[in-house]
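**Q** For reference, the sequence and a predicted model appear below.
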2 protein chains.
Amino acid sequence: MSENDIFIGNKPVMSYVLAVVTQFNQGATEVRIKARGKAISRAVDTAEIVINRFLEDVGKSAIETSTEVVDTESGKTNVSAIEIRLAKK
Amino acid sequence: MSENDIFIGNKPVMSYVLAVVTQFNQGATEVRIKARGKAISRAVDTAEIVINRFLEDVGKSAIETSTEVVDTESGKTNVSAIEIRLAKK
């Protein structure tokens, strides 16, 4: 996981928005927002809020979805994942 | 909303998987899976399950996210949205 990856969990969405904005303000030219399962919706919220409210010179450069295999107590299970790449225009 | 749009709500994910598979089996060459808010995660699940388990000749042709303004009792509010386009390869 590179320092420009933001992994979305269960915190309030503004925590992740702040993390992304901070990365760009510290000189990053690209930030990857990653999430799995139910956090996927929050990842989309994060990207949309960053672009529409905070950083007008940043846009979505790619959106990918995938399926990841996760080990749980009851065996392996599939979980959907998303990666939203934001980049300076 | 065209007949090839599947709008994701609160039903079990397999209901939407079946709806998408049915569209392709009836001759559709492209199906658009749409969702807003918390249903976004289920939209990604639907697309991944269709591609990985049911229709090997179908792939993701585009993924777009956006912000929509929705009227509620307490005024206008923003909600994130996703559109995942699946197409025959």
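**A** Done, it's in. Residues are numbered from 1 along each chain as shown, chains lettered A, B, ... in the order given.
**Q** nearest spatial neighbour of A:Ser80, skipping sequence neighbours?
**A** B:Val44 (4.4 Å; Cβ to Cβ, 6 or more residues apart in numbering or on different chains). All C-beta atoms are positioned from the backbone trio N, CA, C, and that covers glycine.
**Q** Please identify the residues of chain A in proximity to chain B?
**A** A:37-41, A:44-45, A:47-48, A:52, A:60, A:63-67, A:78, A:80-82, A:84 (Cβ under 8 Å from any Cβ of the partner chain).
**Q** So, low pLDDT: which residues of chain A?
**A** Regions of chain A meeting the criterion pLDDT under 70 cover residues A:1-2.
**Q** Can you show me the strands along it?
**A** A:5-7, A:30-36, A:58-72, A:75-88 (DSSP state E).
**Q** which of these is buried the deepest?
**A** With neighbours defined as mean count of other Cβ atoms under 10 Å in any protein chain shown, the strands of chain A peak in mean count at strand A:30-36, which reaches a mean of 21.
**Q** tell me the angle of that one relative to strand A:75-88?
**A** Counting by axes from the mean of the first three to the mean of the last three Cα atoms, to 10 degrees, strand A:30-36 lies at 160 degrees to strand A:75-88.
**Q** quick one: furthest residue from the center of chain A?
**A** Distance from the C-alpha centroid of chain A, by Cα atoms, centre = their mean, peaks at A:Ser74 (27.8 Å).
**Q** Dihedrals phi and psi, that residue?
**A** Dihedral pair for A:Ser74: phi -100, psi 20, per degrees, to the nearest 10.
**Q** what's near enough to touch it?
**A** The contact partners of A:Ser74, taken as Cβ atoms under 8 Å, 6 or more residues apart in numbering or on different chains, number zero.
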